[in-house]
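**Q** give me the fold of what follows.
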Amino acid sequence: MNTDLQIQNKKLELIQWLSTLEDSSIIEKLLKLRKEETKDWWNSISNEEKESIEKGIAEANEGKLEPHATARKMYEKWL
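**A** Okay, the predicted model is just below:
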C-alpha cells in the first residue's frame with residue numbers, strides 16, 4: 001500500500017473517531033494541539049536566532065554570499 005493511501009486511511013479513521021467523540025476534554029486537547037501545530041515558528045525562536053536570520057537575509061540581498069562548497073567545508077562536522 002502506498003504512503004498516500006495509508007495517510008488517507010488514517011485520516012478517515014480519525015474522522016470516524018472524531019465523529020463519535022463526546023468527551024469535551026479530549027476535544028479541547030485536540031483543538032489545543034491543532035493550534036500549537038499551526039503557530040508560526042518565528043514566534044518560538046530566540047531574538048538571537050531572529051537577528052541571525054535577518055542578518056543572513058540582508059547579506060544575501062546585498063550579494064554577500066559564499067559558495068556552497070565554502071559553507072559545506074565550514075559546517076561539515078555537523079552534516
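**Q** list the contacts for Lys50?
**A** Trp42 (C-beta atoms under 8 Å, 6 or more residues apart in numbering). Quick note: C-beta positions are derived from backbone N, CA and C, even for glycine.
**Q** from Asp40, how far off is the spatially closest residue to Trp42 that is not a sequence neighbour?
**A** Distance criterion C-beta to C-beta, 6 or more residues apart in numbering; nearest residue to Trp42, sequence neighbours excluded, is Lys50 at 7.1 Å. Shown here: Lys50 relative to Asp40, a distance of 12 Å by C-beta to C-beta, to the nearest Å.
**Q** Leu30 now?
**A** Distance, Leu30 to Asp40, by C-beta to C-beta: 20 Å.
**Q** please say which of these two ends up with more neighbours.
**A** Counting neighbours by other C-beta atoms under 10 Å for Leu30 and for Asp40 shows that Leu30 has the greater number, 13 against 7.
**Q** in the chain, which spans are helices?
**A** Ranges of helices in the chain, per DSSP state H, are 3-20, 24-38, 47-61, 68-75.
**Q** redo these as CSV? Include mean pLDDT.
**A** Output for the helices of the chain, formatted as CSV (pLDDT from 0 to 100):
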stretch, mean pLDDT
helix 3-20, 91
helix 24-38, 88
helix 47-61, 92
helix 68-75, 86
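**Q** break this structure down into its structural domains.
**A** 1-39, 41-79 (automatic domain parsing).
**Q** what's the spacing between the first one and its chain's center?
**A** Right, the one you point to is domain 1-39. 18 Å (C-alpha atoms, centre = their mean, to the nearest Å).
**Q** Asn61 versus the residue positioned nearest the centre of the chain, what's the distance?
**A** For the chain, the residue nearest the mean C-alpha position is Trp41 (7.0 Å; C-alpha atoms, centre = their mean). From Trp41 across to Asn61, the span is 21 Å (C-beta to C-beta).
**Q** same thing with Lys10?
**A** Counting by C-beta to C-beta - Lys10 and Asn61 are separated by 42 Å.
**Q** same question for Asn47.
**A** Using C-beta to C-beta, Asn47 is found at 21 Å from Asn61.
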